[in-house]
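Sharing a sequence plus its predicted fold:
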Amino acid sequence: MNIAVHSKPKIHIALVESDPLRLVGFRALLESESDLEMISASLPEIAVQTKVDVVLIGDRVGQNLFDTISNVKTMHPNLPIIVIGPNRDDETSLNAIVAGAKGYVFDGAPPREFAQAIRVVSQGSVWAPWRVLSMFVELAITQPKRMRPGVNAVITDREKQVLQMLVSGLTNKEIGAPLGIVERTVKAHIAKLMRKIGVHNRIELSVHAVARSLVTLPAN
């Protein structure tokens, strides 16, 4: 009797990096992960590529970092982006997420962290240092006029449950399991919440939820 072996679906990654040595290094890193596959490394290729799940952008593209993020978002608005940058550069981390990135990983992070960040972001969640999220919250509290419209939106009990788990860093699948709903329904709840509140990504949604005391920030 033949037994079918089911492997994890591949996560296809495009890497935008100006340093050829780092490009080689990232290729080697990803080759050790059976479910991760790099398929492209330039903006023109990303523009026409239909099988990209996550884009990695090295901050060594210099002053063009945020232009690069903007270009990717213009080509593929829903394509998640992770920026790879220097440690302890909270300002760049913050600005990258504001610009539309779904994650920020320090370039000195261990290989397993890179792999985990890619998997988490590809599943619809975010990957960023808690201190950067705290900066978002502090900014929202001290400068409330910078908050987006929708602050008085009515949030249902189920939406609050989803928000609390979202702020805790759970993926769509991890949110749906205890609530007894599928990932597609979780995505629908989150999309509706973003429309209600007037934000553009999950980071902004999490920040708004904490700043307005809709949920509590996890202890860590």
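It's in. Residues are numbered from 1 along each chain as shown.

next structured bit after the lowest-mean-pLDDT helix or strand in the chain?
Lowest on mean pLDDT, DSSP states H and E among the helices and strands of the chain sits helix 130-142, with a mean of 69. Sequence order places helix 157-167 as the next helix or strand after helix 130-142, per DSSP states H and E.

what sits up against the next helix or strand after that following helix?
Once the chain leaves helix 157-167, the next helix or strand it forms, by DSSP H and E, is helix 172-179. Residues from elsewhere that reach helix 172-179, judged by CB atoms under 8 Å, 6 or more residues apart in numbering: 123-125, 158, 161-162, 165-166, 182-183, 185-187, 190. (C-beta placed from N, C-alpha, C; glycine too.)

so what's the spatially most central residue of the chain up against?
Taking CA atoms, centre = their mean, the centroid of the chain lies closest to Lys102, which sits 2.3 Å from it. By CB under 8 Å, 6+ apart, the contact set of Lys102 is Pro80, Ile81, Ile82, Val121, Ser125, Val126, Trp127, Asn201, Arg202, Ile203.

And this protein, what are its domain boundaries?
What automatic domain parsing lists as the domains of the chain is 11-128, 148-211.

need those domains in a markdown table with mean pLDDT and distance to Glu138, can you?
Compiled in a markdown table, these are given as follows (pLDDT from 0 to 100; distance: least, CB to CB, whole Å):
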| stretch | mean pLDDT | distance to Glu138 |
| --- | --- | --- |
| domain 11-128 | 80 | 11 |
| domain 148-211 | 82 | 9 |
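
Can I get the ones you listed in JSON lines including distance to Met135?
Listed next are the domains of the chain as JSON lines, based on distance: least, CB to CB, whole Å:
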{"stretch": "domain 11-128", "distance to Met135": "6"}
{"stretch": "domain 148-211", "distance to Met135": "9"}
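
can you map out the helices along the protein?
All helices of the chain, identified by DSSP state H, fall at 20-31, 43-48, 65-75, 90-98, 111-122, 130-142, 157-167, 172-179, 183-197, 202-211.

hey, which of those is tucked in deepest?
Of all these, helix 202-211 has the most neighbours on average by mean count of other CB atoms under 10 Å, namely a mean of 22.

returning to that earlier point: can I get the helices of the chain in JSON lines including distance to Pro9?
Output for these, formatted as JSON lines (distance: least, CB to CB, whole Å):
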{"stretch": "helix 20-31", "distance to Pro9": "15"}
{"stretch": "helix 43-48", "distance to Pro9": "20"}
{"stretch": "helix 65-75", "distance to Pro9": "22"}
{"stretch": "helix 90-98", "distance to Pro9": "27"}
{"stretch": "helix 111-122", "distance to Pro9": "10"}
{"stretch": "helix 130-142", "distance to Pro9": "29"}
{"stretch": "helix 157-167", "distance to Pro9": "23"}
{"stretch": "helix 172-179", "distance to Pro9": "13"}
{"stretch": "helix 183-197", "distance to Pro9": "14"}
{"stretch": "helix 202-211", "distance to Pro9": "22"}
